[in-house]
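K.L.:
Prediction below, plus the sequence it came from.
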Amino acid sequence: APGVPAAAGAMEIALQSAEGLPERAYISIRVGETRRQAPWRGVEQRLSFPGGASVRSVHVDVFEKVGSAHLSLAGIGATNGHQDVQVSVPREGGGAMQVGLGFDIPAAKEALKNAEPSRREAAKKAVDYMEHSGAQRLLSRLVQ
């Protein structure tokens, strides 16, 4: 990650200068299976990669931002820690792109599993109340 010191045996690459880049360019460098990318801000940035001495080549890409969207992850815990979302990403020049994302949050699944007994108890109390108070019969007659 930018600004993180290289670990022992790692290689560090400094993004030192750039010319002719679009205003909102991202420079992406891939070494083996590891990719690091950062927006070009006109100042030196250092990127760290594993595998230092064994590296034979480096792949450099320049990306231009064409759109972005912001998503809130609030509520995913209530969906058993998994949710599929279709995201509409507005293009900066007009129009939109669609991106499908699937979120899996194991910690939310675990929290929900731990909360289930109390939910079951609450549901059972609600059913018992409806049956014993006569509210269930009243609601049934109103719906018919």
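P.N.:
Yes, it's here.
K.L.:
where do the helices sit along the chain?
P.N.:
106-133, 135-143 (DSSP state H).
K.L.:
What's opposite Ile29 in the beta bridge?
P.N.:
Arg36, Val60 (DSSP bridges).
K.L.:
let's have the chain start at 547 instead
P.N.:
Taking 547 as the first residue, the last one we looked at is Ile575.
K.L.:
Number of residues surrounding it?
P.N.:
Other residues within reach of Ile575, judged by other Cβ atoms under 10 Å, total 17. Just so you know, the C-beta spots here come from the backbone N, C-alpha and C atoms, and that holds for glycine as well.
K.L.:
I'd guessed it sits against Gln583; true?
P.N.:
Yes. The pair Ile575 / Gln583 is scored as a contact, 7.3 Å apart, by Cβ atoms under 8 Å.
K.L.:
anything in contact with each of the two?
P.N.:
Both Ile575 and Gln583 are in contact with Asp607, where contact means Cβ atoms under 8 Å, 6 or more residues apart in numbering.
K.L.:
Would you mind listing where this protein has pLDDT under the threshold?
P.N.:
547-555, 598-599, 621-627, 653-666, 670, 673-674, 676-677, 681-690 (pLDDT under 70).
K.L.:
could you redo the last one with a cut-off of 50?
P.N.:
Applying pLDDT under 50 to the chain flags no residue at all.
K.L.:
list the contacts for Leu619?
P.N.:
649, 651.
K.L.:
Distance check, it against Ala669.
P.N.:
26 Å (Cβ to Cβ, to the nearest Å).
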